[in-house]
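>>> predicted coordinates and the sequence they were generated for:
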Amino acid sequence: MQQDSKSTRTRAKLKSAAFKLFRSKGFSNTTLRAIATESGVSLGNTYYYFESKDDLALELFDDLLAEHRARVAPDLATGNTLEHNLRSLWDGLLDALEPYHDCGTAFLRAGGLPPPDENGALVAAIDSSRPRAPLPVRQGLPELVHLITRAILAFWAADTSPDRHRSRLLVARAAPLTARIAVLSRLPVVRTILDEILALVRALGSEDDARSRRVRGAAGGRAA
């Protein structure tokens, strides 16, 4: 028990040091040696807990996603439109990640977003919205929103515009468009097209989601 407590404290010290350096110096300018020095942990022990900076980037990303879920939850009250909820979901995500913009590419490389069924904020944004899309579409909507969220994240990571203005514009336009597609899916012709889009989304996303589960599972195993 004492050893487990010491291990937990050491991991926490390394994470705290890494997050501080990522924010102040940027991901690319931070080394594991610098993280070890900042935390007071030996370089050998640092490598024992984290094999690379990407492992620490994934830890940071998951912590930021947890903070995002907590912050956005009050905005996802039942009865809001899907457009409102998606705007809150995506703007809130960018707000949470912005202090670590230099880590954006590392977030994507390290593990990316968790699969849609493990993303509580995404599921809540869809399930609490009104009016609700037809059941078959509603079942596939998390996958579509997940793919759009990944696209927004990738765009944000490469966005060099002042205050990430272009990323905010993308969110402002993607939210009503996605909501409109969900509403129009009641029409047979739109439903057919949407079904084809969802099939494509599943084909494209299955490998990335499997990788995300695998990477996070491995990280959890090392932390145990």
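Here it is on my side, so go on.
>>> when you work out contacts or count neighbours from here on, use the C-alpha atoms and nothing else.
Fine.
>>> can you tell me how far the most centrally placed residue in the chain is from residue 59?
With distances taken as C-alpha atoms, centre = their mean, the residue of the chain nearest its centroid is residue 113 (3.9 Å). Between residue 113 and residue 59 the computed distance is 12 Å (C-alpha to C-alpha, to the nearest Å).
>>> residue 198 is in contact with residue 140, correct?
Yes: between residue 140 and residue 198 a contact is recorded at 6.5 Å, counting by C-alpha atoms under 8 Å.
>>> how much space between residue 98 and residue 57?
Separation of residue 98 from residue 57 (C-alpha to C-alpha) stands at 14 Å.
>>> ok so, going back, secondary structure class for the residue nearest to the centre of the chain?
coil (DSSP: H, G, I helix; E, B strand; the rest coil).
>>> return the backbone torsion pair for it.
phi -70, psi 150 (degrees, to the nearest 10).
>>> where along the chain do the helices fall?
For the chain, the helices defined by DSSP state H occupy 2-25, 32-39, 43-49, 53-72, 82-97, 104-110, 120-127, 135-158, 165-184, 188-223.
>>> residue 95: neighbour count?
Neighbour count of residue 95, defined by other C-alpha atoms under 10 Å: 11.
>>> roughly how far does it sit from residue 168?
In terms of C-alpha to C-alpha, residue 95 sits 10 Å off from residue 168.
>>> check residue 28 too.
Distance from residue 28 to residue 168, by C-alpha to C-alpha: 25 Å.
>>> remind me which residues of this protein are low pLDDT?
Residue ranges of the chain with pLDDT under 70: 1-3, 205-224.
>>> right, and residue 27 touches residue 107 too?
No: Residue 27 lies out of contact with residue 107 (C-alpha under 8 Å); the separation is 10.3 Å.
>>> thanks a lot, see you next time.
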